[in-house]
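Enquirer: Let's see this in three dimensions:
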Amino acid sequence: MAVTEPAPPAQPVAHEGILRRQSLRESAARTYARSLPIVPVRARGLTIEGADGRRYLDCLSGAGALALGHNHPVVLEAIKKVLASGAPLHVLDLATPVKDAFTTELFATLPRPLADDARIQFCGPAGTDAVEAAFKLVRTATGRTGLLAFTGAYHGMTAGALDASGGAPDVRVTRLPYPQNYRCPFGAGGERGAELAARWTENLLDDPKGGVPAPAGMILEPVQGEGGVIPAPDGWLRRMRELTAARSIPLIADEVQTGVGRTGAFWAVEHSGVVPDVMVLSKAIGGSLPLAVIVYRADLDVWRPGAHAGTFRGNQLAMAAGAATLAFVRENRLAERAAALGARMLGRLQGLAATHRCVGDVRGRGLMIGVELVQPDIGVPHADVPPADPVLAAAVQRECLRRGLIVELGGRHSGVVRLLPPLTLTDEQAEAVLDRFADSLEAAVCAPHRRNDTGPSL
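Expert: Below is the predicted model of the structure:
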């Protein structure tokens, strides 16, 4: 089926009952189901088919977990092979051939200076548990407790990970400015803004009256995802590495969403040449199944047996699927493909900014793309750019869904439309995605009374 083929008309089928029962049974904390009221029943690559017969182009990709898209043949074959072998599926942290193969493949992709002297800890199945493990690791290794994190960060939903994220209501972590061009906290942007952010951090760490004791570690995202798709400037990231190394502060890179080729390099830290002390990995490393690990320098490996555990840290199917995914991305140079295709997509989306004043900024790296929508006619005192427009962003998301395109929202005020297509995206599919997005933006801008349209509440 061509990606531009129109979807069949929706039919009143069982999906309506499923959605209604979900709204009655599931918690009020459900998220994606509210803005994406669909019932997927089949999927392959970029395409999802709903229970109503409609087809969608999925640019959410399991929040970035599906590097190869849905049900890629190499992933399915790896899972089938384990199932057919009679191998145990649940083994805690025992050694298995499947685990050994996954670890070997993962180490082959890591930045060489880290891989040559690395240890790996398999964590619970979610990225947030790996973040918790990283915090526990550096606190144990340094004997210190404090942590450094950045404005706009997102590291997960468990207590410690939330403390280090941008929306923490009870701050127990020192928050540092994350540089960005469009909404620079110093009003400068570019290299000057990044330099000011680095200087602020250095001054705070060295100020005896700064109120920041020597921390156990610094955690950062090479590209902030939930924060609004904000790539860290390479020079700034190198400065963070220099500052932490000089002060014996372990640097933790959260590559949960940026890893496995997503940003145009296998690991996003490679753009800057930075080698962190700890890498937090999840999402795509499991090949669509739950898996999370941390890899770190061997000299940090001082915790006692059982210091961090988890019943489901031995997920054999995820390790098999993950090894197949890592190998496929590496062998087919999909990171390089993501860099080239992502640059073309960014260029076309930036063209929309020339004709739509509501497009404030288009940014990203590789196939991790964000379009920030703004209210251009509303001035804010002392602000260099207009405020975000979350209402318009939500309207664009709904219009995308009506046209068979699944996108996500993010950013400080949910004003950024995010695109996370699989790395297997073809040129034709990319054009279809961009066509549907452009049509959706136009429809949302022109829709009467759109500010009163709150969308589905299921």
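Enquirer: shaky segments in the chain?
Expert: 1-13, 167-171, 382, 448-458 (pLDDT under 70).
Enquirer: secondary structure class for the residue positioned nearest the centre of it?
Expert: Closest to where the C-alpha atoms of the chain average out (CA atoms, centre = their mean) is Gln257, at 2.9 Å. Three-state assignment for Gln257 (DSSP: H, G, I helix; E, B strand; the rest coil): coil.
Enquirer: Can you give me every residue that contacts Met319?
Expert: With contact taken as CB atoms under 8 Å, 6 or more residues apart in numbering, Met319 is in contact with Val98, Lys99, Ala101, Phe102, Gly286, Leu291. To be clear about C-beta, it is placed using only N, CA and C from the backbone, and glycine gets the same treatment.
Enquirer: Please, where are all the strands along the stretch 51-200 of the chain?
Expert: Using DSSP state E, counting those that start in this stretch, the strands of the stretch 51-200 of the chain run over residues 55-58, 118-122, 147-150, 174-176.
Enquirer: Over to the stretch 201-350 of the chain?
Expert: Going by DSSP E, counting those that start in this stretch, the stretch 201-350 of the chain shows strands at 217-220, 223-224, 230-231, 251-254, 278-281, 293-297.
Enquirer: Select, out of the ones you listed, the one closest to Val362.
Expert: Ranking the strands of the stretch 201-350 of the chain by proximity to Val362 (CB to CB) places strand 230-231 first, at 12.2 Å.
Enquirer: now the nearest residue to Phe328 once chain neighbours are set aside: how far from Ala63?
Expert: The shortest distance from Phe328 to any non-neighbouring residue, by CB to CB, 6 or more residues apart in numbering, is to Val74 (5.1 Å). Using CB to CB, to the nearest Å, Val74 is found at 21 Å from Ala63.
Enquirer: hmm, back to that, could you dump the contacts of Met319 to JSON lines with neighbour count and distance to Ala340?
Expert: Below are the contacts of Met319 laid out as JSON lines (neighbours: other CB atoms under 10 Å; distance: CB to CB, whole Å):
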{"residue": "Val98", "neighbour count": "25", "distance to Ala340": "33"}
{"residue": "Lys99", "neighbour count": "20", "distance to Ala340": "34"}
{"residue": "Ala101", "neighbour count": "17", "distance to Ala340": "30"}
{"residue": "Phe102", "neighbour count": "28", "distance to Ala340": "28"}
{"residue": "Gly286", "neighbour count": "27", "distance to Ala340": "26"}
{"residue": "Leu291", "neighbour count": "29", "distance to Ala340": "28"}
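Enquirer: which one of those is nearest Ala343?
Expert: Distances from Ala343 to the contacts of Met319, taken by CB to CB, are shortest for Gly286, at 27.7 Å.
Enquirer: Could I get the contacting residues of that closest one?
Expert: Gly286 is in contact with Ala65, Pro125, Ala292, Asn315, Ala318, Met319, Ala321, Gly322, Thr325, counting by CB under 8 Å, 6+ apart.
Enquirer: The residues you listed in helices, which ones?
Expert: If you go by DSSP state H, the contacts of Gly286 have Ala318, Met319, Ala321, Gly322, Thr325 in helices.
Enquirer: Can you report how many residues neighbour the residue nearest to the third one when sequence neighbours are not counted?
Expert: If I follow you right, that is Ala321. Spatial nearest neighbour of Ala321, excluding adjacent residues (CB to CB, 6+ apart): Gly287 at 3.0 Å. Gly287 is flanked by 29 other residues according to other CB atoms under 10 Å.
Enquirer: Then the one 3 residues further on?
Expert: Counted by other CB under 10 Å, the residues lying close to Pro290 total 16.
Enquirer: if we can go back for a sec, just send the contacts of Met319 back as JSON lines, with distance to Val39 too.
Expert: Below are the contacts of Met319 laid out as JSON lines (distance: CB to CB, whole Å):
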{"residue": "Val98", "distance to Val39": "33"}
{"residue": "Lys99", "distance to Val39": "35"}
{"residue": "Ala101", "distance to Val39": "35"}
{"residue": "Phe102", "distance to Val39": "32"}
{"residue": "Gly286", "distance to Val39": "24"}
{"residue": "Leu291", "distance to Val39": "26"}
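Enquirer: Which member of the residues you listed is positioned nearest His356?
Expert: When the contacts of Met319 are compared for distance to His356 (CB to CB), Gly286 comes out closest, at 37.8 Å.
Enquirer: Alright, I will stop here.
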